[in-house]
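**Q** What would the 3D arrangement of this be:
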Amino acid sequence: MKWQEYQEAVGVLYEQMSEMGEVRKNITIPDRVTGQARQVDVWWEFQIGNHTIKILIDAKMRASKLDVKDVEEILALAKSVKADKAIIVTNNEWTSPAQLFANHEGLDFLILTIDEATDLIIDGKWLMCKDCGKDCVVMDSDGAVEIDEKINWWLGGKCRSCRTLHIICQACGAKGMMRINESWSCNCDFEWKNTEEYYEFKIITENDVTEFKDPNQREIDFN
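**A** The predicted model follows:
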């Protein structure tokens, strides 16, 4: 991707972000420890219920893959200005150590291509955890299964604070959540289980059908 094309793509992304909240560029924010001004290229804030979500965005045009040093720099800046999340948007890929480092940190840290960022940063894929209410859940995982030549797909996201899994089944519109090792099924008789890694999925057979109104099953209203 050429520089001009990259700049245009990033511009489209910032327009999407502004539809969800406020985007500010080239601002300074006091360091949480020293109080000194820290330069921030892009700062994105939006409301979910009574919560204000603050996200540091850094766009990097690179000829080579992002490495751990890139991740460390942005993560340190994000922590110093008290960002809730940090996102690096890049035209290139990243090294495995960079991804491992990003996944290991407590602050949500996403490394996205332009296409991934454009798909993810839309209304409906960001919500407050309906279990603990302490963190913004990004619905950044999806899956699909083909039944009767139709694609049935879902969105998933896990809370960083309490690790509760949130699922939206696009086929029937059901929305549910599971704590670690809990399961939940929708109107389609699809079942998800919240695991340490992320989740397991299966189609419930006729021999082990679970009623949708199971008294031990928690249903939630994301709105």
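**Q** Report the contact partners of the residue most central in space within the chain.
**A** By C-alpha atoms, centre = their mean, the mean C-alpha position of the chain lies nearest to Val138, the distance being 2.7 Å. Contacts for Val138 (C-beta atoms under 8 Å, 6 or more residues apart in numbering) come out as 85, 108, 110, 120, 125-126, 157. C-beta: built from backbone N, CA, C; applies to glycine.
**Q** Which helix or strand lies directly C-terminal to the helix ranked longest in the chain?
**A** Scanning the chain for the helix with the most residues, using DSSP state H, yields helix 3-20. Per DSSP states H and E, helix 3-20 leads on to strand 22-30 as the next helix or strand towards the C-terminus.
**Q** Make TSV out of the contacts of Val138 and add neighbour count, pLDDT and secondary structure.
**A** Shown next, in TSV, are the contacts of Val138 (neighbours: other C-beta atoms under 10 Å; pLDDT from 0 to 100; DSSP: H, G, I helix; E, B strand; the rest coil):
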residue	neighbour count	pLDDT	secondary structure
Lys85	20	88	strand
Asp108	20	73	strand
Leu110	19	83	strand
Leu120	17	87	helix
Lys125	17	89	coil
Trp126	21	91	strand
Gly157	23	93	strand
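**Q** residues near Ser18, how many?
**A** Look at Ser18: counted by other C-beta atoms under 10 Å, it has 12 neighbours.
**Q** Next one: it from Cys159, what distance?
**A** 26 Å (C-beta to C-beta, to the nearest Å).
**Q** Provide a list of residue ranges in the protein with pLDDT below threshold.
**A** Counting by pLDDT under 70, the ranges of the chain that qualify are 1-3, 6, 105-107, 205-223.
**Q** For it, which segments count as helices?
**A** Using DSSP H, helices in the chain cover 3-20, 68-80, 96-104, 114-120.
**Q** Pick the most buried one from the ones you listed.
**A** Highest mean neighbour count of these: helix 68-80, a mean of 18 (counted as mean count of other C-beta atoms under 10 Å).
**Q** Just grab the bridge partners of the nearest residue to Ile48 once chain neighbours are set aside for me.
**A** Leaving aside its chain neighbours, Ile48 sits nearest to Met128 (4.8 Å; criterion: C-beta to C-beta, 6 or more residues apart in numbering). Note on Met128: beta-bridge partners Cys136, judged by DSSP bridges.
**Q** how many other residues sit next to Met128?
**A** Met128 has 18 neighbouring residues, counting by other C-beta under 10 Å.
**Q** Contacts only, for it.
**A** Contacts of Met128 were listed using C-beta under 8 Å, 6+ apart, and they are 48-49, 51, 135-137.
**Q** Alright, that wraps it up for me.
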